[in-house]
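Colleague: got a sequence here, can you model it:
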Amino acid sequence: MTIHAPRTSSPSLLAVSRGVAEARDEVVAKWAKWVAGRQPDGAGVDAAAMARLMGLIADLLVEMAGPMHREARDTWYAVTELYGRFAALRGLSAGEVVEDLHRLRELVVLELADFFVALPARQQLPTFFRFNKVLDSAVTYAVVGYTDALVTQMFGREGVPVPTADSVQEAVAALEGLEAEVRHLAERSPR
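Modeller: Residues are numbered from 1 along each chain as shown. Sure, this is the predicted structure:
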């Protein structure tokens, strides 16, 4: 993790960051419920691990909108890539990974609509676009993680992409390491 000195974020992004923090639990609960409703039978990742990962993504959204966004960027990429790995373990298609993250975008935008509308008119669109750029990168890195996981599974199992207990344990161990990084970021965040 690269350590940069925090710099001042625009007041509009700080408002969005606070809005994400306030809406975090509700967004994660709605997102988890939606994802669980689409979960294929016999999926390889339990609901508790998925909820932890979704909460981590929401926590990082707060940091990505605030003054620690440069420092949080690498962790954001790693966490969203891990989301893609989890999707492969859950037996999803690449399109379903994209749909999962677009659902997150939809939930966050609906929750933050009042924040965006309350901004001065000249700040609304740039703030909205910057926030969407962060979510776009989540989609990109999740697809990268998904693809990498499938390739690894296929080469490791002679072309048969079936998740094993070891691959699930590795993904959960990676989640634990990333949770520690996010806690460290949150402790240093000057909010």
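
Colleague: point to the residue nearest the middle of this protein.
Modeller: residue 57 (3.2 Å; C-alpha atoms, centre = their mean).

Colleague: hang on, that residue packs against residue 79?
Modeller: Yes: with contacts counted by C-beta atoms under 8 Å, residue 57 reaches residue 79, the gap being 5.9 Å. In this view, the C-beta of every residue, glycine as well, is placed from N, C-alpha and C.

Colleague: counting contacts, what elements does the helix or strand containing the residue nearest to the centre of the chain pack onto?
Modeller: Per DSSP states H and E: residue 57 is located in helix 47-65. The contact analysis (3 or more C-beta pairs under 8 Å, 6 or more residues apart in numbering; DSSP states H and E) places helix 47-65 against helix 11-38, helix 69-89, helix 94-118, helix 121-156, helix 165-188.

Colleague: with only the CA atoms kept, save it in CSV.
Modeller: Output of helix 47-65 as CSV, limited to C-alpha atoms (Å, rounded to 0.1, in the frame of the first residue of the first chain):
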residue,chain,number,x,y,z
ALA,A,47,-23.4,-15.6,2.7
ALA,A,48,-21.3,-14.4,5.7
ALA,A,49,-18.2,-14.1,3.5
MET,A,50,-20.2,-12.3,0.8
ALA,A,51,-21.6,-9.9,3.3
ARG,A,52,-18.1,-9.1,4.6
LEU,A,53,-16.9,-8.5,1.1
MET,A,54,-19.9,-6.2,0.2
GLY,A,55,-19.4,-4.2,3.4
LEU,A,56,-15.7,-3.8,2.6
ILE,A,57,-16.6,-2.5,-0.9
ALA,A,58,-19.0,0.0,0.8
ASP,A,59,-16.4,1.1,3.3
LEU,A,60,-13.9,1.7,0.5
LEU,A,61,-16.4,3.7,-1.5
VAL,A,62,-16.4,6.1,1.5
GLU,A,63,-12.6,6.4,1.2
MET,A,64,-12.6,6.6,-2.6
ALA,A,65,-14.8,9.8,-2.4
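
Colleague: angle of it against helix 11-38?
Modeller: Angle, helix 47-65 to helix 11-38, by axes from the mean of the first three to the mean of the last three C-alpha atoms, to 10 degrees: 160 degrees.

Colleague: give me the angle between helix 47-65 and helix 94-118.
Modeller: Here the directions of helix 47-65 and helix 94-118 differ by 40 degrees (the same axes, to 10 degrees).

Colleague: which of the residues in helix 47-65 are buried?
Modeller: Residues 49-65 are the ones in helix 47-65 that count as buried (16 or more other C-beta atoms under 10 Å).

Colleague: got it, and stretch 63-76?
Modeller: By neighbour count on 16+ other C-beta under 10 Å, the buried set for stretch 63-76 is 63-69, 71-73, 75-76.
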